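Asks: whatever this is, show me its structure:
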Amino acid sequence: MNLQDRIINHFSDSIQTQQEAMSSLCELIEYASQQLVSALLNDKKILTCGNGRSATTAQLFSSALLNQFERDRPSLPVISLNTDAAVITAIANDYHFDDVYSKQLRALGQSGDILLTFTDGNHSSNIAKAISTAHDKELLVIALTGNNGGMIAPLLHETDIEIRVPSSSNARIQEVHVLITHCLCDLIDHQLFG
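Replies: Purely as a prediction, here's the structure:
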């Protein structure tokens, strides 16, 4: 297979995964956006986290709401729990890497806030611990996952929302997570600002 064929395969696989996600996830994405808007209208905040490339998607969401997505509008309260290297390394050093999000969530999360997590379905014990802490503090959890939901899916309560990308490819899952993030940002802006 030549290099251009490989490129075409990546585009084709991405398009197919996006079409499958569009067919199966629209209702969940809409519902998640409504829950996010409801929290914001009730003076609550959104806390978000992920690992590796998923951390960048959490930061994408945070920056789009704190600053702007595609229009000028007031800033919205979102905290990305994976952006402060000093906090993360201190917690990992003094406690355990599994605690890097849950310890922050115990300090910053309040009942009625939302925890938005991103994971491609791999082993994410720090995300799992954050979800447990969110439940203890009465936060709704919105989990963007993939593959079979990994270790995250069984931890979610009936009232939580799992948006699971129908793919086992980490690259495809992460691409669709970015697209879903853009959808959420657009839907939040549309519902809050018309």
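Asks: mind naming the longest helix for the protein?
Replies: Counting by DSSP state H, the longest helix found in the chain is helix 3-41.
Asks: got phi/psi on I114?
Replies: phi -120, psi 140 (degrees, to the nearest 10).
Asks: which SS class is P74?
Replies: coil (DSSP: H, G, I helix; E, B strand; the rest coil).
Asks: please enumerate the helices of this protein.
Replies: 3-41, 53-66, 85-94, 102-108, 125-136, 170-193.
Asks: make TSV from those and add mean pLDDT and distance to G149 to it.
Replies: Placement of C-beta: from N, CA and C, glycine included. Output for the helices of the chain, formatted as TSV (pLDDT from 0 to 100; distance: least, CB to CB, whole Å):
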stretch	mean pLDDT	distance to G149
helix 3-41	97	13
helix 53-66	97	14
helix 85-94	96	25
helix 102-108	97	20
helix 125-136	97	12
helix 170-193	97	11
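Asks: return the list of helices and strands in contact with the longest strand belonging to the chain.
Replies: Assignment by DSSP state E gives strand 140-146 as the longest strand of the chain. Using 3 or more CB pairs under 8 Å, 6 or more residues apart in numbering; DSSP states H and E as the contact criterion, the elements in contact with strand 140-146 are helix 3-41, strand 114-118, helix 125-136, strand 161-165, helix 170-193.
Asks: deepest-packed of those, please.
Replies: strand 114-118 (a mean of 28; mean count of other CB atoms under 10 Å).
Asks: so what touches it?
Replies: 35-36, 39, 44-50, 54-55, 57-58, 61, 105, 109, 127, 130-131, 134, 139-144, 152, 177 (CB atoms under 8 Å, 6 or more residues apart in numbering).
Asks: angle of that strand against helix 53-66?
Replies: Orientation note: strand 114-118 sits at an angle of 140 degrees relative to helix 53-66 (axes from the mean of the first three to the mean of the last three CA atoms, to 10 degrees).
Asks: all further residue positions should be reported with the first residue as 8.
Replies: Got it, the first residue is 8 from now on, which makes the last one we talked about strand 121-125.
Asks: parallel or antiparallel, list what pairs with strand 121-125.
Replies: Strand pairing for strand 121-125, using DSSP bridges, gives strand 53-57 (parallel), strand 147-153 (parallel).
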